[in-house]
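Enquirer: After the sequence you'll find the predicted model.
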Amino acid sequence: MDVELKEVLTHIVQDSRLQAGFLAALSELENCGAKKIMRYQTRSNTDLSLLQHAAEEARHAYFFQKQACKLGVPMSSPWLDGRRRRYLDRLELFIARCLSSESSVATREGCYVLTTYYIEKRATWLYTCYEEVLAAYGAPFSLQSILREEVGHLDEMEQMKQKLGLSTEIKREIQDFELTLFTEWVSHMQDRLQEVLRERKKKAP
Ligand SMILES: [Fe+2]
């Protein structure tokens, strides 16, 4: 997975249009995460950590969109289609189904903790790979501040996950499902990249 993703990212960072589309895709997913976190609040629940978490995810969405705009190219993104746009929804739904058989876990809290935990884990890994490729090609921006916040969220969610006391089996099922979602996304990006490269070859004089 590492190799496939880095190969796609290497093409992306060397091409403004591909990079703008990828940044816009990340912004969309971050924004979706921020909105989901806000939905776990109620009118009277203004838990500080939840507010901070939502605010930071919204800042990540802003950061990625701002970097995409700075490239000054059209931002149509080949990287997300309908299925990939529902990444977080699909994961959350799968987790809700798993938790429905665990009578000891409150579904709402469990969904928040687990969806966030597995997404943070993936985001930390993805952004670490992306950061390495960005640095290797001298990109004018860095993901260090975003990575610091994602690692902080991950630590917090890891502690909350421990308190849920879930079975190893359920944790493995969720982890495997998330890996399937991510593998599908990378495979989609590989296909789209090949299409873009083929189109360009055809147009080349
Ligand atoms: Fe984030």
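Expert: The structure has been received and is ready for your questions. Because the structure is a prediction, the values reported are computed rather than measured.
Enquirer: Which residue would be the closest one in this protein to the ion?
Expert: Proximity of the chain to the ion (CB to the ion) peaks at His60, 3.7 Å away. Glycine gets a C-beta too; all of them are placed from N, C-alpha and C.
Enquirer: Which strands or helices does the lengthiest helix in the chain pack on?
Expert: Scanning the chain for the longest helix, with DSSP state H as the assignment, gives helix 168-203. Identification of packing neighbours for helix 168-203 by 3 or more CB pairs under 8 Å, 6 or more residues apart in numbering; DSSP states H and E yields helix 2-13, helix 82-85, helix 87-99, helix 107-136.
Enquirer: which stretch in the ones you listed has the least confidence?
Expert: Comparing mean pLDDT across the helices and strands packed on helix 168-203, the weakest is helix 82-85, with a mean of 90.
Enquirer: Show me which helix or strand of the chain is least confident by mean pLDDT.
Expert: Every helix and strand of the chain was ranked by mean pLDDT, DSSP states H and E. The lowest is helix 82-85, at a mean of 90.
Enquirer: buried set for that helix?
Expert: Of all the residues in helix 82-85, those buried under the rule 16 or more other CB atoms under 10 Å are Arg84.
Enquirer: And for stretch 102-113?
Expert: Neighbour-count burial for stretch 102-113, counted by 16+ other CB under 10 Å, picks out Val105, Gly110, Cys111, Tyr112, Val113.
Enquirer: tell me which parts of this structure are close to the ion?
Expert: When proximity is defined as CB under 5 Å from the ion, the chain approaches the ion at Glu30, Glu57, His60.
Enquirer: Val13 against Pro140, yeah?
Expert: No. Between Val13 and Pro140 there is no contact under CB atoms under 8 Å: 11.0 Å.
Enquirer: So for these two, which sits in the more crowded spot?
Expert: Using other CB atoms under 10 Å as the criterion, Val13 and Pro140 rank with Val13 on top: 18 against 8.
Enquirer: how near is that one to Gln144?
Expert: Val13 sits 16 Å away from Gln144, going by CB to CB, to the nearest Å.
Enquirer: Since that was my last question, I'll sign off now.
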